[in-house]
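Novice: The following block contains a protein sequence and its predicted model.
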Amino acid sequence: LSFMFIDTEIRPSIYPWLVRGIFVLFILLLTLLAEMAWWHIALLMTLALTCVLFDWYRYTPLTALSAKDPSGLWEIGVWHLGDEELWQGYLNDICVLDVGGLTLLKLTFFITTPEEKPHTVLIFRSSIDEKQFRQLSTLAQFGGYQ
């Protein structure tokens with residue numbers, strides 16, 4: 001699979017917000033079913049909302065992915081701190097996840113530019129072209145990136 005060329009734009013998805021909303025509603029439902037005191041509910045909802053805000057703050061959405069060779073350097077377009085940036089890194093792992101009928105790809109990179117760090121992203125099927133999704137799914141199934 002070293003001959004595989006990947007160059008795709010990644011569209012924003014509503015799914016990360018839906019997951020965050022479902023998390024908050026799930027915590028609220030659990031607190032109501034447990035018949036907790038109002039201050040317990042308030043404390044747990046504050047904790048749940050803090051988790052959601054922290055996740056939103058740390059979220060770095062992808063705008064583009066490009067690689068001439070999956071085992072080589074990848075160019076990763078991201079929206080970071082209000083600006084579009086181009087990061088570079090190596091693909092460490094990729095897998096296809098099927099969560100309740102929702103298909104997505106989980107990619108783990110080792111970013112080399114702008115700083116060395118691991119970075120994991122989720123790409124929902126609706127966020128990229130079908131051809132590119134099939135290419136990345138094939139890469140997940142057969143490897144060839146390490």
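Specialist: Happy to help now that I have it.
Novice: Do you have the helices of this protein handy? List them.
Specialist: 15-33, 38-58, 130-142 (DSSP state H).
Novice: tell me the most buried of these?
Specialist: Of all the helices of the chain, helix 130-142 carries the top mean neighbour count, a mean of 15, counting by mean count of other CB atoms under 10 Å. (Glycine included, C-beta is placed from N, CA and C.)
Novice: Which elements pack onto it?
Specialist: strand 6-9, strand 83-99, strand 102-113 (3 or more CB pairs under 8 Å, 6 or more residues apart in numbering; DSSP states H and E).
Novice: Extract the CA atoms of the shortest one and return them as PDB.
Specialist: Coordinates of each C-alpha in strand 6-9 appear next as PDB, following Å, rounded to 0.1, in the frame of the first residue of the first chain:
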ATOM      1  CA  ILE A   6      -4.300  10.400  -0.100                       C
ATOM      2  CA  ASP A   7      -5.300  14.000  -0.400                       C
ATOM      3  CA  THR A   8      -8.700  14.900   1.100                       C
ATOM      4  CA  GLU A   9     -10.500  17.800   2.600                       C
END
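Novice: Show me which positions of that strand end up buried.
Specialist: 6, 8 (16 or more other CB atoms under 10 Å).
Novice: do the same with the last one
Specialist: By neighbour count on 16+ other CB under 10 Å, the buried set for strand 102-113 is 104-105, 107, 109, 111.
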